[in-house]
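Participant: Give the three-dimensional model of this entry:
(2 chains)
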Amino acid sequence: MYLLRLALASLANRRFTAFLTAFAIALSVCLLLAVERVRTEARASFASTISGTDLIVGARSGSVNLLLYSVFRIGNATNNIRWDSYQHYAQDPRVKWAIPISLGDSHRGYRVMGTTTDYFSHYQYGRRQHLELSQGREFASDPFEVVLGAEVADALHYKLGDKLVLAHGVAAISLVKHDDKPFTVVGVLKRTGTPVDRTLHISLGGMEAIHIDWHNGVPARGAGRISAEQARTMDLQPAAITAFMLGLNSKIATFSLQREINEYRSEPLLAILPGVALQELWSLMGTAEQALFVVSLFVVLTGLIGMLTAILTSLNERRREMAILRSVGARPWHIAGLLVLEALALAVTGIAAGLGLLYAGIALAQGYVQANYGLYLPLALPSAHEWTLLAIILGAALLMGSVPAWRAYRQSLADGLSIHL
Amino acid sequence: MIRNLIAFFAGKPAPTGTAQALKAVEDSVGAGLPAKGPGQAAQILLVVLLSLALPAWADEVRELDWPALIPEGAPVIPPQLAPLHDMSQLSDALSAESAPPARQQAPDAPVVKSLDGQTVKIPGYIVPLEVSEEGRTTEFLLVPYYGACIHVPPPPSNQIVHIFSEMGVRVEDLYQPYWIEGKMQVRASSSELADAGYQMEAEKIYAYVLK
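Facilitator: Numbers count the residues shown, from 1 in each chain, chains lettered A, B, ... in the order given. Purely as a prediction, here's the structure:
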């Protein structure tokens, strides 16, 4: 115990260097844990975004691309598919349910998705959880009704009955708006922690209505304009949608239906199994993830080597201190223990401060990260994996502390007392 | 660039009127200023001229919106109601030429009923259906081969096992085969709509290693 007190007192004497060393370790530990946490949370949020959907069907592109735009609202569709094709497969006897989706517009950076009420009853996320409304109702027959994701409502302060204008394209700041056809908020969904929170849901009819007079790629002028009132009376059956999701009666039929859709004669289609596409996405991201992890490991190593350097340099200055300790009866292993304890104290302080920094950072950045990247970072206690990492860092620090300890152990009493020139 | 140009003019006997004028200006300006060479004087002149021109550029900027780029009374383009880039009919035209699509050979293939209730182990490739938040696959299809099998029809229904796993398995590589151990459930059915085929509640999952 007295050894630890001596070690701490000695450190307090060199508090500035000690502080810097501990701070370097704290930063590196914070970085390592932050990388780990973002990595695991990103995986968890990706994995919990879709559940219970057996096939996703879209225009031919790539499986990861189709998954990204249809489920995660990242990137854009390459092409639309025909309504007929959707109808064909929605009515297939092997299909239990089908959800059509239509993408391409936005509202202040949040994507707008045209769909049917089947989406609210069949789409599942997490562990087979269904979407639930926190207030209001699903959109009904009127085309100009919108159901907001939880985050859209929170961030933009919308409540039931508010009117909002959708923008053409998916840019956050849009110059071309569908301002002649405002939508009314009729419902807000409960928070799910998935991209659903950042989506505005309208009916397929609504999607059709805002584009009904857009046939030349620009809004119609003069007499060509169709007002919201006129649009309500028109046939708003879409001719094309962006993608659709299928739930099957039997999972065994997944492969055969997938193959059939991929070889559908009337239109080139692509059907993917979300689980497989997710796995492919992870194996793509895996390399980058590992690179990040390795970099942060090296940063930790740099912090620890910084500590080693600091202790080794101080060893020379403290020759006299050691000699005095020895002369009052300290054994060589006392001196060695002193240095190991010093390293331990620095590492423990560094790790504790690193954890502190991490939690402060999470508390500060939580809202921003959730809003901008859709990633929920919980203020949870370190996981078993994180504790293991911390233990390894502590072990490494002890190992490094034993290097100066060994040198001090070997130094003779006379070495510290005689004057070196 | 400008410096080079001026040096070019200044360094040569003036062949043109412009250069002569420049020279004259240089002389007049150079007389009043402590300019070191004729080139520098011309530079000062340029700066003066440019600064005079600036107020003209700073004139009111007209803000445009996109409809302002379409002239007043431009003929209305007749709406094109057919979908853009609709090549979907192309395959209709070609369908007479193509072979029939590969269908699953036997969607309700016969199953070995005696396997029902037996504890078995079977190797195969995992096709993930449900992935838990920890990234573990909790529900999957086990198939005898995986990957580039698009040349042949998909496997018949008695070559697929639908597997549930409470614990789940962390699938890092889709091309890694696994041994699955558990109790087999056989559900025979005459229609392809029902949950026909093999199902299993996995008790043990471990990597298949070549011996």
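
Participant: For the rest of this, base every contact and every neighbour count on C-alpha atoms.
Facilitator: OK.

Participant: does A:Ala405 really touch A:Gly337, like I thought?
Facilitator: Yes. When contacts are counted by C-alpha atoms under 8 Å, A:Ala405 is listed as touching A:Gly337 (6.9 Å).

Participant: Dump stretch A:127-147 to PDB, keeping only the CA atoms.
Facilitator: These are the backbone C-alpha positions of stretch A:127-147, laid out as PDB (Å, rounded to 0.1, in the frame of the first residue of the first chain):
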ATOM      1  CA  ARG A 127     -37.300  -8.800 -33.900                       C
ATOM      2  CA  ARG A 128     -40.400  -9.100 -36.000                       C
ATOM      3  CA  GLN A 129     -41.900  -5.900 -34.600                       C
ATOM      4  CA  HIS A 130     -44.700  -4.100 -36.600                       C
ATOM      5  CA  LEU A 131     -44.900  -0.400 -37.200                       C
ATOM      6  CA  GLU A 132     -47.100   1.400 -34.800                       C
ATOM      7  CA  LEU A 133     -48.700   4.900 -34.900                       C
ATOM      8  CA  SER A 134     -47.900   7.100 -31.900                       C
ATOM      9  CA  GLN A 135     -50.700   9.600 -33.000                       C
ATOM     10  CA  GLY A 136     -53.200  10.000 -35.700                       C
ATOM     11  CA  ARG A 137     -54.100   7.400 -38.300                       C
ATOM     12  CA  GLU A 138     -52.800   5.800 -41.500                       C
ATOM     13  CA  PHE A 139     -53.300   7.700 -44.700                       C
ATOM     14  CA  ALA A 140     -56.700   7.000 -46.300                       C
ATOM     15  CA  SER A 141     -58.200   7.500 -49.700                       C
ATOM     16  CA  ASP A 142     -57.400  11.200 -50.100                       C
ATOM     17  CA  PRO A 143     -54.100  11.400 -52.000                       C
ATOM     18  CA  PHE A 144     -52.700  14.400 -50.100                       C
ATOM     19  CA  GLU A 145     -52.200  12.800 -46.700                       C
ATOM     20  CA  VAL A 146     -48.900  12.000 -45.200                       C
ATOM     21  CA  VAL A 147     -47.700   9.800 -42.200                       C
END
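
Participant: For that stretch, give me every contacting residue.
Facilitator: Where contact means C-alpha atoms under 8 Å, 6 or more residues apart in numbering or on different chains, the residues beyond stretch A:127-147 that reach it are A:48, A:51-52, A:117, A:120-125, A:160, A:181-190, A:192, A:200-207, A:209, A:232, B:132.

Participant: right, quick check: stretch A:28-38 against chain B, any contact?
Facilitator: No. When contact is scored as C-alpha under 8 Å from any C-alpha of the partner chain, no part of stretch A:28-38 falls within range of chain B; the minimum is 12.3 Å.

Participant: returning to that earlier point: between A:Ala405 and A:Gly337, who's got more neighbours?
Facilitator: A:Ala405 (27 against 21; other C-alpha atoms under 10 Å in any protein chain shown).

Participant: Just give the nearest non-adjacent residue to that one, would you?
Facilitator: A:Ala336 (4.2 Å; C-alpha to C-alpha, 6 or more residues apart in numbering or on different chains).

Participant: tell me the pLDDT at the one you found?
Facilitator: Here the pLDDT value assigned to A:Ala336 is 86.

Participant: didn't it look like it was pressed against A:Gln411?
Facilitator: No. Using C-alpha under 8 Å, A:Ala336 makes no contact with A:Gln411, being 10.3 Å away.

Participant: higher neighbour count, the two?
Facilitator: Neighbours were counted for A:Ala336 and for A:Gln411 using other C-alpha under 10 Å; A:Ala336 has more, 22 against 16.

Participant: Which stretches in chain B count as strands?
Facilitator: B:119-131, B:137-143, B:161-169, B:178-187, B:197-207 (DSSP state E).

Participant: likewise the stretch 151-300 of chain A?
Facilitator: Counting by DSSP state E, counting those that start in this stretch, the stretch 151-300 of chain A has strands at residues A:163-164, A:167-168, A:183-189, A:199-203, A:240-241, A:243-248, A:269-272.

Participant: weakest of those by average pLDDT?
Facilitator: Among those, strand A:167-168 has the lowest mean pLDDT, at a mean of 76.

Participant: Output the contacting helices and strands for it.
Facilitator: Helices and strands in packing contact with strand A:167-168 are listed as strand A:95-107; criterion 3 or more C-alpha pairs under 8 Å, 6 or more residues apart in numbering or on different chains; DSSP states H and E.

Participant: Nearest to chain A, out of the strands of chain B?
Facilitator: Using C-alpha to the nearest C-alpha as the criterion, the shortest distance between chain A and the strands of chain B is 4.9 Å, found for strand B:119-131.

Participant: Mind listing the strands the closest one pairs with, and their directions?
Facilitator: Its sheet considered, strand B:119-131 pairs with strand B:137-143 (antiparallel), strand B:178-187 (antiparallel) by DSSP bridges.

Participant: so can I have a markdown table of the ones you listed showing distance to A:Thr40, mean neighbour count and mean pLDDT?
Facilitator: Converted to a markdown table, the strands paired with strand B:119-131 look like this (distance: least, C-alpha to C-alpha, whole Å; neighbours: other C-alpha atoms under 10 Å in any protein chain shown; pLDDT from 0 to 100):
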| stretch | distance to A:Thr40 | mean neighbour count | mean pLDDT |
| --- | --- | --- | --- |
| strand B:137-143 | 15 | 22 | 88 |
| strand B:178-187 | 24 | 20 | 89 |
